[in-house]
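Participant: Fold the following.
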Amino acid sequence: MHSRFSEKWLETVCSLLPGVNSAVFMVPDQDNTQMHLLARWPQDLDQSQDFFAIVKYALKKHGEVCLSKAHVVDGQALDYFAKPVFIRSKLAGVLAIKMKHLPAAKHLAVFHSITRSIRWLGLASFIKPESGDDEFYSSVVGVLASCFEQGSYQQGLMRMVAELTSQFNCERVAFAELQGHHCQVIALSNSAEFEQRSNLVRKIEDAMDEAVEQDSAIMFPDKESITIQRAHRELARIFGSGSIATLPLISERKVFGAITLLCSEELPLQGDTLELCQQTLSLLAPFLALKKDQERGIFSKILQSLGDGLRGLFGVKHLRAKITAAMLTAFLVMTSLVEVNFRVTADAVLEGEVQRVVAAPISGYLLSSAVRAGDTISKGEIMASLNDSELKLELTKLNGRLQKSKREYREAQSTRDLVKVRVIKEQINQAKAEIDLVDQQLDSINLSAPFDGIVIEGDLSQMLGSPVERGDALFKIAPLEGYRIILKVDESEISYVEQGQAGSLTLSSLSKWNFPLQVERITSVAKAEDGANIFRVEASLPNAPELLRPGMQGIGKINAGRERLVWIWSHEIIDWFRLWVWSWWP
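Facilitator: Numbering: from 1, shown residues only. Below you'll find the predicted structure:
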């Protein structure tokens, strides 16, 4: 890489960054084992060894690095910035800059400016002029150096058109910016001021528009060219130019202007001259675009950023992602505005409004069982029977004792033993009472249904012969009409439930039908069930069909008013997050 061009390039980079103290550009040797200095700024810099550490660090990280407050000079803290330069995937060198300390928020802007400057260096490496390195660098570097030395964008343009006029022996050189879809001349050689509406300027702008619209450089006259040259021909006819060349200027893949060179018939443009001019402008275009961007006002930059953002948002790039994002945004807006019925959902169990337990009347052994859970029974129907053999033996024993007491009673009467008569009479009354008790137990040995209904609990078919104790619950029955619904409402939703609210019930076995319900009672005590705290809410079920049976399960929903759709879907996780944050908040 040419050292003179590198020095000019490094000088330009430092002029674009305010507060630069010094900078170096180091390149590797042929074996890529050591780095040596190729360019430095300022030219009298004698402490380039200060940059070796940051250069080595950038090579190790294989990317841009920054060392904040790494050096202090005269009480002022300095930052080091470094970035490897890769051209065609090969390491071309490392750019290292030392500048006054900046906050971390501005480091990205520094690296962005460095990256844009490196693009000029990469572009120069692709140019291979046929006229030799000396002619190329003397022409290119001369024009670039003259433009870089100017203080403002407009001065740089005036210097550029003057240098191009002198360098390529042109009569006039015009520079125009692309404003909207039309080129407007803003710099014209040999004219510090010019009339924008003059015939010459308008014809030059037409020729520039012709080149920009075809996205191609135009050389006139050129009989072998396939480009349209009508505007160039008209410009040459009116003003008598021997040859005309128009070159669009491109920066960051966008055309931002054009340059038109008008030469006399005595010194027409040659093909190699045009190629050298193209190479020069290819390196100069990024600098002009950057210089213009730096001099724009704050409001202009804000408008451009807003325009770029809108183009990025509504442009054709990433169309699928944008459509998806737009649909998602529209969906969120719609759900934030639409109000629907908010319903509290809970597991539901159907129970009979009245339930009766059939218990064992006495202790004994199970003899038979005629029904089981799910069977429909009628009032008085025998449900189960207990073994009565022990009771019958007890009854025989008591009858024998009664007969004996009666015989002793008669003998006491015959002997007129009044005391014995009274004692035996009491024994006879006791025996009769015990016999009545056994008779009552024999009468209740068969368990019968107290009313028409359905057995909801109890299956004794596998317990025949087993002992049962008095009071054991053998069956649970419920009537076939009059039901209540038990809703298991989670504690996070119980605050939305009130007595008298309406709702609907869907049962697992009758999923096609919805049954209306009304909240009747809310228990005030929570119960742990299946890893959650639930409240038992009782609801009535008017006009229940005959298909319903106690024990059926399903899902109940209680109407709790109207809310926005997005709140209905998100309130649970929002409540959980609010509680989690509060639990960790000091």
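
Participant: Distance of residue 222 relative to residue 236?
Facilitator: Separation of residue 222 from residue 236 (Cβ to Cβ, to the nearest Å): 12 Å. In short, each C-beta sits where N, CA and C put it, glycine included.

Participant: now for the longest strand anywhere in the chain, which elements pack on it?
Facilitator: When the chain is parsed with DSSP state E, its longest strand is strand 510-529. The contact analysis (3 or more Cβ pairs under 8 Å, 6 or more residues apart in numbering; DSSP states H and E) places strand 510-529 against strand 483-490, strand 502-507, strand 532-540, strand 553-564.

Participant: how far does the shortest one sit from the chain's center?
Facilitator: So that's strand 502-507. 35 Å (Cα atoms, centre = their mean, to the nearest Å).

Participant: and if you look at the longest one?
Facilitator: Relative to the centre of its chain, strand 553-564 is centred 29 Å away, using Cα atoms, centre = their mean.

Participant: Which positions in that strand come out as buried?
Facilitator: 554, 556-558, 560, 564 (16 or more other Cβ atoms under 10 Å).

Participant: Excluding covalently adjacent residues, which one is nearest to residue 194?
Facilitator: residue 188 (5.1 Å; Cβ to Cβ, 6 or more residues apart in numbering).

Participant: wait, isn't the one you found in contact with residue 196?
Facilitator: No: Residue 188 is beyond contact range of residue 196, at 10.1 Å (criterion: Cβ atoms under 8 Å).

Participant: Could I get the full set of strands for the stretch 301-450 of the chain?
Facilitator: Ranges of strands in the stretch 301-450 of the chain, per DSSP state E, counting those that start in this stretch, are 339-352, 356-359, 364-369, 376-377, 382-386, 446-448.

Participant: Contacts for the fourth one next, please.
Facilitator: What that stands for is strand 376-377. 371, 383, 449, 452-455, 477, 480 (Cβ atoms under 8 Å, 6 or more residues apart in numbering).

Participant: start to end distance for stretch 87-107?
Facilitator: Using Cα to Cα, to the nearest Å, one end of stretch 87-107 lies 23 Å from the other.

Participant: what does stretch 311-320 give?
Facilitator: 15 Å.

Participant: in the chain, which helix or strand is least confident?
Facilitator: Sorting the helices and strands of the chain by mean pLDDT, DSSP states H and E puts helix 133-148 at the bottom, at a mean of 60.

Participant: what's the next secondary structure element after it?
Facilitator: Per DSSP states H and E, the first helix or strand lying C-terminal to helix 133-148 is helix 153-167.

Participant: Give the buried residues for that following helix.
Facilitator: 153, 156-165, 167.

Participant: so which of these comes closest to residue 506?
Facilitator: Closest approach between the buried residues of helix 153-167 and residue 506, by Cβ to Cβ: residue 153, at 74.4 Å.

Participant: check contacts around that closest one.
Facilitator: 288, 291-292, 294-295.

Participant: how much space is there between it and residue 293?
Facilitator: Taken as Cβ to Cβ, the span from residue 153 to residue 293 is 9 Å.

Participant: go on, residue 197?
Facilitator: For residue 197, the distance to residue 293 - Cβ to Cβ - is 28 Å.

Participant: Who has more neighbours out of those two?
Facilitator: A direct count of neighbours by other Cβ atoms under 10 Å for residue 197 and residue 293 places residue 293 higher, at 15 against 7.

Participant: Helix, strand or coil: sort out residue 77 for me.
Facilitator: The three-state assignment at residue 77 reads strand, by DSSP: H, G, I helix; E, B strand; the rest coil.

Participant: mind listing what it touches?
Facilitator: 69, 71, 100-101.

Participant: From the centre of the chain, give me the residue that's furthest out.
Facilitator: residue 415 (110.9 Å; Cα atoms, centre = their mean).

Participant: quick one on the thing from earlier: who has more neighbours, residue 222 and residue 236?
Facilitator: residue 236 (20 against 16).

Participant: Just give the nearest non-adjacent residue to that one, would you?
Facilitator: In space, residue 236 is closest to residue 244, 5.7 Å off (Cβ to Cβ, 6+ apart).

Participant: can I assume that neighbour sits in a strand?
Facilitator: Yes: Residue 244 forms part of a strand when assessed by three-state DSSP.

Participant: Name the residues linked to it by a beta bridge.
Facilitator: Beta-bridge partners recorded for residue 244 (DSSP bridges): residue 220, residue 262.

Participant: Quickly find the element holding residue 465.
Facilitator: Counting by DSSP H and E, residue 465 is found in no helix or strand.

Participant: coming back round to it: compare residue 188 and residue 196 (neighbour count), which wins?
Facilitator: residue 188 (23 against 10).

Participant: separation between the more buried one and residue 165?
Facilitator: Applying Cβ to Cβ to residue 188 and residue 165 gives a distance of 10 Å.

Participant: Give the intersection of the neighbour lists for the two.
Facilitator: Joint contacts of residue 188 and residue 165 (Cβ under 8 Å, 6+ apart) are 172-173.

Participant: Low-confidence stretches in the stretch 101-250 of the chain?
Facilitator: Within the stretch 101-250 of the chain, the stretches with pLDDT under 70 are 119-146, 148-151, 192.

Participant: Okay, strands next: where are they in it?
Facilitator: Using DSSP E, counting those that start in this stretch, strands in the stretch 101-250 of the chain cover 172-179, 182-188, 218-220, 243-251.

Participant: for the ones you listed, which one sits closest to residue 58?
Facilitator: So among the strands of the stretch 101-250 of the chain, strand 243-251 is nearest, using Cβ to Cβ, at 26.5 Å.

Participant: and that closest one, how far from the chain's centre?
Facilitator: 47 Å.

Participant: Which strands or helices does that strand pack on?
Facilitator: helix 199-214, strand 218-220, helix 230-239, strand 254-263, helix 271-295.

Participant: CSV for these, including distance to residue 346?
Facilitator: Below are the helices and strands packed on strand 243-251 laid out as CSV (distance: least, Cβ to Cβ, whole Å):
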stretch, distance to residue 346
helix 199-214, 70
strand 218-220, 79
helix 230-239, 80
strand 254-263, 62
helix 271-295, 63
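
Participant: just so I know, which of the ones you listed lies nearest residue 393?
Facilitator: Comparing the helices and strands packed on strand 243-251 by Cβ to Cβ, strand 254-263 comes nearest, at 113.9 Å.
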